[in-house]
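**Student:** Pasted the sequence and its predicted model underneath.
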Amino acid sequence: MYVYISHYGGTLMLEHLARKWTRKEKQPEATEVDPSGKIPVHVAVIMDGNGRWANMRNLPRVAGHRAGMKTVKEVVKTADEIGIRYMTMYAFSTENWKRPRDEVDFLMRLPQEFLSTELDELIERGVRIRMLGSKDELPKHTLQALLTAEEKTRENTGLQLNFALNYGARHEMIKAFAELAERVKAGELSPDDIQEEDISRYLYTSDIPDPDLLIRTSGEIRLSNFMLWQLAYTELWFTDVLWPDFTREHFYQAIVEYQGRARRYGAV
Ligand code: IPE
Ligand code: IPE
Ligand code: MG
């Protein structure tokens, strides 16, 4: 019996060490990001898993969203330190209106809450804030908070922080195609002459480079209507980690992996 217990204890110890080792292996330090290596100019993030994070703790889903907001702060700081120029955070999709009213209301109050505590520090960091998405359906208070932040940070030349809010890639593309069709109808453009730029100039991202790296948390391997046009040649990185558990070490891990990728764009 004694032998059995001590053997079991030994196994536990080994497991513990193995976990520690894997954890260490999986979470590079800041120093492992090669500063002379390529740093992604634009990183887009599908912040997913807030609800499951809360469920696992017997908390209401909205507690997960609040915890996720803390992760946003940490990730923005880290991005700024690494020297990333653009961060786009998918915060609310055109499909998320299907959620229970209470949850939607909570999510629509988050930008205000985030900005009321963070805007000063973001301004100090020279961060420029932008909203990507359809403004029409947003509650007044949500829109007002975002427009104020956009206005106050318009001249800033540091990290550009985009919030994709009420964003849907198909909606964005329909809008672009409609404008393009108007130009064709007006005789300003012939269908034979349509170039990529004729479409991208009507997207929310007209003055933003395509993402170099896309991160999605929570183990879902899909795009959920996010930046379908812009992600054509983006490097994709998925993790099982839920968004509220996502740390700067996970972020470094994504960057280090990105630095090791060969981007061929169809060439050899
Ligand atoms: C992501 O977390 C946040 C939003 C979509 C607003 P979820 O709320 O989707 O969390 P899960 O996927 O249900 O766990
Ligand atoms: C995508 O997450 C939208 C955001 C992160 C804002 P969802 O949780 O809405 O995506 P699905 O429903 O799992 O595809
Ligand atoms: Mg989700």
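**Tutor:** Yep, that arrived. What you see is a predicted model; the values in this text were computed from it and never measured. Ligands and ions are numbered 1, 2, ... in the order given.
**Student:** From now on I want contacts and neighbour counts done on CA atoms only, so please keep to that.
**Tutor:** OK.
**Student:** what does the stretch 51-200 of the chain put close to ligand 2?
**Tutor:** 90-93, 96 (Cα under 6 Å from any ligand atom).
**Student:** okay if I get those as CSV plus pLDDT?
**Tutor:** Converted to CSV, those look like this (pLDDT from 0 to 100):
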residue, pLDDT
Tyr90, 99
Ala91, 98
Phe92, 98
Ser93, 98
Asn96, 98
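**Student:** Restrict these to those that also contact ligand 1, please.
**Tutor:** 91-92.
**Student:** mind giving me TSV with the residues of the stretch 51-200 of the chain next to ligand 2 and columns for secondary structure and neighbour count?
**Tutor:** Formatted as TSV, those follow (DSSP: H, G, I helix; E, B strand; the rest coil; neighbours: other Cα atoms under 10 Å):
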residue	secondary structure	neighbour count
Tyr90	strand	23
Ala91	strand	22
Phe92	strand	20
Ser93	strand	19
Asn96	helix	16
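**Student:** out of the residues of the stretch 51-200 of the chain next to ligand 2, which one sits closest to Asn55?
**Tutor:** Asn96 (18.2 Å; Cα to Cα).
**Student:** so who does the closest one touch?
**Tutor:** Contact analysis of Asn96 by Cα atoms under 8 Å, 6 or more residues apart in numbering lists 104, 166.
**Student:** now the chain, which segments are flagged as low pLDDT?
**Tutor:** When residues are selected by pLDDT under 70, those of the chain lie in 1-31.
**Student:** Show me the two of the residues of the stretch 51-200 of the chain next to ligand 2 that sit farthest apart.
**Tutor:** Most distant of those, by Cα to Cα, are Tyr90 and Asn96, 11.2 Å apart.
**Student:** what sits in contact with each of these two?
**Tutor:** With contacts defined as Cα under 8 Å, 6+ apart, no residue is shared by Tyr90 and Asn96.
**Student:** Can you check my assumption that Met89 lies in a strand?
**Tutor:** Yes: the assignment for Met89 by DSSP: H, G, I helix; E, B strand; the rest coil puts it in a strand.
**Student:** where do the strands sit along this protein?
**Tutor:** Ranges of strands in the chain, per DSSP state E, are 42-46, 86-93, 128-132, 160-167, 213-216, 235-238.
**Student:** what residues does the stretch 51-200 of the chain put near ligand 1?
**Tutor:** 51-52, 91-92.
**Student:** so what's Pro191 up against?
**Tutor:** Val184.
**Student:** picking up where we left off before, between the strands of the chain, which one is nearest to Leu146?
**Tutor:** The nearest among the strands of the chain, by Cα to Cα, is strand 128-132 at 6.8 Å.
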